[in-house]
Each structure stands twice: as structure tokens, then as C-alpha cells.
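Chemist: sequence plus predicted model, see below.
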Amino acid sequence: MSTIVKATLPAEQFALAETFETVPDVEFDAVRLVTHGTDRVVPLLWATDGDSTEVEAALEADGSTDDVALVSRRNHDSLFKMRWTARVRFVTHVLVEAQGAVVSARGTTDGWTFRVLFPEHDAVSTTYDACEEQGIDLDVTQIYHLDDAPSLGGFHLTDQQFKTVRTALERGYYEVPRETTLEELATELDVSHQALSERLRRGHLALIENVVGP
């Protein structure tokens, strides 16, 4: 049965560690990364919570990237394309060697979080063993069958956006009258008022686009 693995990897063992040092608040979400047999696909990454000019300069100076280009801007988000260096391509090859496909990838200063789809459960162990042999510190945090996959992926919500919207719902932010404020939610989630507002906005946009279309 098809299996999805959620796993984390330190940025210094994958990509953009230097960028995170320069712009620690930036977060990246992959639009396109790599699937089995296509390890030279050009990655496309949405960058949020960072000035696009500063992020672009950091990406260009990062040793894990080549040929960085700003493709598009949307509100406060910026879409970049680039080429991975050989070191990063090697790690992605290990992740998908057992017929896997990276279905989502998110990078922050804390590291990268991947969701990898495998056609068979046995491939999970094969990939984990391969990572150990190559000294790749892959930390598997969750394994579930495809039929049990969380619905947030279908709505293109990141884990962070999902957590923020869910917490707002649970605390009564959407009730009339509201049972909590942005300030109270920001304190609970340990983020700034502005960061919380932007996360809610992006989460709402993703939900609305999924329901009503472009």
C-alpha cells in the first residue's frame, strides 16, 4: 500500500543553510522539487517572511544553489527558481531512490520538513537505511497510509498555516463576537502580530482558492 513519510533534515545537510543564517526569518515552500527519475528538475520555491531583494542576494551567495532567478511576486511572497548543486542533488536522489516522490518540502531556519510518497511500505525502510549509510540524519516523525493522509495537503496549506488556522478556530477567533484576539493568538503561538496576520491571510487564501478556484 502507498505510504507517506513525514521526515526532517538539518538544513546544513540539505540546502540553503547559508541563506537561513543571513535571513533567519525566511521560510521556503517547494512548488516543484524532485520525483523519482527526474533529479535534475529545476526547483521552484516560494519564499515568505523575508524581503525579496535580501532573500535573492542570500540565495545567490548560497553554496547550495546556482543560477538563482526571481520568477514572480505575490503580495509579500516571492517565487524563485534555481539549480541545486551536486551535494543537494545527491541527498534528493537518496530520498527518492526507492521509487519515492517528494510531494512537499518546507525549509526554515530549523531545517527541512519533507513528505515523501512511497508506492510500498518496505521502501520506507530501504530509504531510511540508505540515509544512515550515507550519514544523512533523516528524522522520520510520521508514517501513514495514503488513504489516511491529512486533508491539509489537498488544500495546499503548510503545516504552519494549518496549525495557525486550526488554533484560531479552536480559540473562537471566527465566532461572532470573537472569543479571542490576534494579540492573544500571537502570544499563544509565540509569533509577532504581523507574522500571525500574514499566516492567517495566506491560509485563508489557500482555502478560498481551493474552494472557489482562480
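Modeler: Looks like it arrived, so ask away.
Chemist: quick check: pLDDT value at the residue positioned nearest the centre of the chain.
Modeler: Centroid-nearest residue in the chain: residue 106, 1.6 Å away (criterion: CA atoms, centre = their mean). Residue 106 is assigned 89 on the pLDDT scale.
Chemist: just confirm it is within a helix.
Modeler: No - membership of residue 106 in a helix is not supported by DSSP: H, G, I helix; E, B strand; the rest coil, which gives strand.
Chemist: measure it to residue 193 for me?
Modeler: 23 Å (CB to CB, to the nearest Å). Bear in mind the C-beta positions are built from the backbone N, C-alpha and C, glycine included.
Chemist: same deal with residue 115?
Modeler: Distance from residue 115 to residue 193, counting by CB to CB: 30 Å.
Chemist: just want to know which of these two has more residues nearby.
Modeler: residue 115 (20 against 13; other CB atoms under 10 Å).
Chemist: that one sits in which helix or strand?
Modeler: Counting by DSSP states H and E, the element that carries residue 115 is strand 111-118.
Chemist: between the helix or strand just after that strand and strand 111-118, how many degrees?
Modeler: Moving toward the C-terminus from strand 111-118, the first helix or strand encountered (DSSP H and E) is helix 122-133. Relative orientation of helix 122-133 and strand 111-118, computed by axes from the mean of the first three to the mean of the last three CA atoms, to 10 degrees: 140 degrees.
Chemist: same for helix 122-133, what does it pack against?
Modeler: For helix 122-133, the elements it packs on are strand 3-9, helix 86-96, strand 111-118, strand 139-145, judged by 3 or more CB pairs under 8 Å, 6 or more residues apart in numbering; DSSP states H and E.
Chemist: and residue 183, how far from residue 6?
Modeler: 31 Å.
Chemist: comparing those two, which residue is more hemmed in?
Modeler: residue 6 (18 against 10).
Chemist: burial of the closest residue to the more buried one other than its chain neighbours, as a residue count?
Modeler: Among residues not flanking residue 6 along the chain, residue 142 sits closest, at 4.0 Å (CB to CB, 6 or more residues apart in numbering). Counted with other CB under 10 Å, residues neighbouring residue 142 total 10.
Chemist: separation between residue 142 and residue 7?
Modeler: For residue 142, the distance to residue 7 - CB to CB - is 8 Å.
Chemist: what of residue 133?
Modeler: Residue 133 is 16 Å from residue 7, by CB to CB.
Chemist: what about the two, which has more around it?
Modeler: residue 7 (20 against 9).
Chemist: ok, now which ones touch the nearest residue to the more buried one once chain neighbours are set aside?
Modeler: Here the nearest residue to residue 7 in space, its sequence neighbours aside, is residue 140; by CB to CB, 6+ apart that works out to 4.7 Å. If a contact means CB atoms under 8 Å, 6 or more residues apart in numbering, then residue 140 has 5, 6, 7, 124, 128 as its contacts.
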